[in-house]
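> when you get a sec, could you give me coordinates for this:
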Amino acid sequence: MDIEKYCYKIKMTPLFEKMSDRVLKDALARADEKTYQPGQNIDTLECLAFMDKGSANVYSADSRRRLLLRRIRSGEVFGAAGLFLSGNCFSHIYSKGISRVLLFDISTVEYMLQNDSEFMYGYLRFLSGRICYLNQKITCLTAGSTERKLAMFIDSFGQDQLKFPVNLTAISDMLDIGRASLYRALDKMAQDGCIARDGNSITVLDRKKMLEKY
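This next block holds a predicted model:
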């Protein structure tokens, strides 16, 4: 493992950016570097992971319904939710193409938390961000009508120019609405002047109207 290269790359993420080089290099020396083939399961139970190369899809653990939850891209950190938990996993992660992942086990994460306050505060900020993200998803799922769910989902990005990270079929699964209903809701919002749409790219034209109308 090229520790110098990884030290530079991983410090580009908010979680690790303020860490001391000494502690980070010690942690990298303990990290496990793994390469995954397309479709291979990435097991992050009791590990904090960094996607060094490639990407992965996160699906719900429900065996009766394979629901795409999100996509992990190169340079992103994941696995924090199950780091200090034991038992059954609540999601499955599959490599999309060939990917390379750095895995930090519990003892290594504890070492970073105990020896670098900047990492500790970064970790707390990271977890707070995930909690906010989950709260937004709960708001979307419990919003009521198809249009309201979609309006809350678009608003959760906090941007006037956005591109959906997954295709519309995956979004309909995420919001628990029919694909045809999703298309109708998008068309209605566009006709009402709330958004403009070009494929997966969305421009919010009138956020206030969108949230009040739906």
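> distance from the longest helix along the chain to the middle of the chain?
Longest helix of the chain, by residue count under DSSP state H: helix 117-141. Put simply, helix 117-141 sits 11 Å off its chain's centre (CA atoms, centre = their mean, to the nearest Å).
> now whichever helix or strand comes after that helix: buried residues?
The helix or strand immediately downstream of helix 117-141 is helix 146-155, counting by DSSP states H and E. In terms of neighbour count (16 or more other CB atoms under 10 Å), helix 146-155 has its buried residues at 146-155. For every residue, glycine as well, the C-beta is placed using N, CA and C.
> work out the gap between helix 146-155 and the centre of the chain.
Computed by CA atoms, centre = their mean, the separation of helix 146-155 from the middle of its chain amounts to 19 Å.
> shouldn't Glu17 be in contact with Lys11?
Yes. Checked against CB atoms under 8 Å, the pair Glu17 and Lys11 is within contact range at 5.2 Å.
> neighbour-wise, which of these two wins?
Using other CB atoms under 10 Å, the more surrounded residue of Glu17 and Lys11 is Lys11, with 15 against 12.
> burial count for Ala185?
21.
> please identify the helix or strand for it.
Here Ala185 is assigned to helix 179-191, by DSSP H and E.
> residues of that helix that come out buried?
Judged by neighbour count using 16+ other CB under 10 Å, the buried positions of helix 179-191 are 181-182, 185-186, 188-189.
> now, which of those sits nearest Ala80?
Nearest to Ala80, judged by CB to CB, of the buried residues of helix 179-191 is Leu182 at 30.1 Å.
> contacting residues for the residue nearest to that closest one when sequence neighbours are not counted?
The spatial neighbour of Leu182 that comes closest, neighbours along the chain excluded (CB to CB, 6 or more residues apart in numbering), is Ser172 at 4.5 Å. Counting by CB atoms under 8 Å, 6 or more residues apart in numbering, Ser172 makes contact with 178-179, 181-182.
> rerun at 10 Å
Contact analysis of Ser172 by CB atoms under 10 Å, 6 or more residues apart in numbering lists 146, 149-150, 178-183, 185.
> do Asp2 as well
If you count contacts by CB under 10 Å, 6+ apart, then Asp2 has 8-9, 28, 33 around it.
> got a winner among these for most neighbours?
Counting neighbours by other CB under 10 Å, the top entry in the contacts of Asp2 is Leu28, with 22 neighbours.
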